[in-house]
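Enquirer: build the 3D model from these lines:
(one chain, ligands or ions: 1)
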Amino acid sequence: MRHVYLDNNATTPIDPAVLERMIPFFRDDFGNAASIHTYGQKARAAVEEARQAVAELIHASPSDIVFTSGGTEADNLAVRGVADQRRTQGNHVITTQIEHPAVLRTCEALERESLHVTYLGVDRDGRLSMDELREAVRPETILISVMHANNEVGSIQPLAEIGSLARRKGIVFHTDAVQSFGKIPVDVEELNVDLLSISSHKLHGPKGVGALYLRPDVPLQPMMLGGSHERRRRAGTENVPGIVGLGGAAQRAAEEMEDFGARVRGLRDRLEQGILEAIPDTVVNGGTDQRMPHVSNVSFPGLEGEALLIALDFQGVAVSTGAACSSGSLQPSHVLQAMKLERSRIQSAIRFSLSRMTTAEDVDYVLEVLAGTVERMREMTTRKVR
Ligand code: PLP
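Expert: Numbers count the residues shown, from 1 in each chain. All right, here's what the predicted structure looks like:
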């Protein structure tokens, strides 16, 4: 049986060249990057090289990059760190209903500490309204946190416009760029971004490592307290192999970005068109041109997304639903709900997320198995209803 992995927004396979670069730092070059001796210096040089590669990809200065344990920590550090630091200047934060839980749960924690949070809605394409954002701004707004690209539908937010509004109003602007970093151009100057979250494992790098870009004039309350690592912004011995992996992944992404944009978009469109043509009553969620080139979120009304996911898994195809499984109960996708889609569309949604490792044969195999699977499952459901 062929195996096709189309769940790259959950995580990506590591790039073999990236893994090769990491291995020496587990084995021979195991030094602590804070140590003065040769072992330490070697580790420090590798960390700084990675910092340079990450910074280059977002047009930032290496000293503005803080390494973290991943995107979740970067989001927590950004939202909590700014809110705690600026609490005396105001008590209002603006975000959206479609953020990753790393931002949403942090905002909810701030609400329990008497901060006010506005959760902006989105339209049926998964994009926020600039007018609604302008109306939400108050004199006491200290932070706007809006993700760059959404993980479930791939919708891209108008960051440059949000950033210039934030700058004019003296509000700090954070963006979660976990799903866009290294896949589409990200320039912190053009986008007027003050803080930006990055994760390595969405980009063929290792898990458990990420980074936060932090504009130098933005004061931040650190979360991890301890040694003076990362210029006192994040205490803890640096994960040298992981950071080397993130740096390597960033370098590879810079080389591959053009190809990613063109080739992967072509494959995604082939998959999407193939589904829409072959399977009746299918509909794409958030399918505008303001969308990541590798993501397709499709609903198969009449089916349960979970059941289709499992049926595809039996045939070697890995995809995802937007639904989150917590404590044994399936929660409908908060993103599709915020887009105000019909229930049947939300329940039957499947996310296909490609990567630069996806091939035309992969797409054709998925198309081959999908139509028959959906047809069989729909037949079974109608029989049950009768
Ligand atoms: N933000 C977004 C948009 C994501 O998709 C994810 C991962 O799913 C995260 C943050 C969390 O990143 P990490 O898995 O590195 O903690």
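
Enquirer: give the contact list for the residue in the chain positioned nearest to the ligand.
Expert: The ligand sits closest to residue 71 of the chain, with a gap of 2.5 Å, by C-beta to the nearest ligand atom. No exception for glycine: its C-beta is placed from N, CA and C like everyone else's. Applying C-beta atoms under 8 Å, 6 or more residues apart in numbering to residue 71 gives the contacts 100, 102, 176, 178, 197-199, 202, 210.

Enquirer: skipping adjacent residues, who's closest to it in space?
Expert: Excluding the flanking residues, the one nearest residue 71 by C-beta to C-beta, 6 or more residues apart in numbering is residue 199, at 3.3 Å.

Enquirer: hmm, the one you found is touching residue 74, no?
Expert: Yes. Residue 199 is in contact with residue 74 according to C-beta atoms under 8 Å; the separation is 7.3 Å.

Enquirer: between those two, which contacts overlap?
Expert: 178, 210.

Enquirer: show me what from the protein comes close to the ligand.
Expert: Residues of the chain lying close to the ligand by C-beta under 6 Å from any ligand atom are 70-72, 75, 100, 102, 147, 151, 176, 178-179, 199, 201, 210.

Enquirer: rerun that using 5 Å as the cut-off
Expert: 70-72, 100, 102, 151, 176, 178-179, 199, 210 (C-beta under 5 Å from any ligand atom).

Enquirer: now, which of those residues sits nearest residue 90?
Expert: For the residues of the chain next to the ligand, the residue nearest residue 90 by C-beta to C-beta is residue 176; the value is 21.4 Å.

Enquirer: residue 119: neighbour count?
Expert: For residue 119, the count of nearby residues is 16 (other C-beta atoms under 10 Å).

Enquirer: show me the contacts for the closest residue in space to it that isn't next to it in sequence.
Expert: What sits nearest to residue 119 in space, not counting adjacent residues and going by C-beta to C-beta, 6+ apart, is residue 97, at 4.8 Å. Going by C-beta under 8 Å, 6+ apart, residue 97 touches 119-122, 334-335, 338.

Enquirer: beta-bridge partners for residue 331, please?
Expert: Taking DSSP bridges as the rule, residue 331 bridges to residue 324.

Enquirer: okay, now it: neighbour count?
Expert: 12.

Enquirer: how near is it to residue 346?
Expert: 11 Å (C-beta to C-beta, to the nearest Å).

Enquirer: find the residues that touch each one of the two.
Expert: Common neighbours of residue 331 and residue 346 (C-beta under 8 Å, 6+ apart) do not exist.

Enquirer: ok, and the most crowded of the contacts of residue 97?
Expert: Within those, neighbour counts (other C-beta under 10 Å) peak at residue 335, which reaches 27 neighbours.
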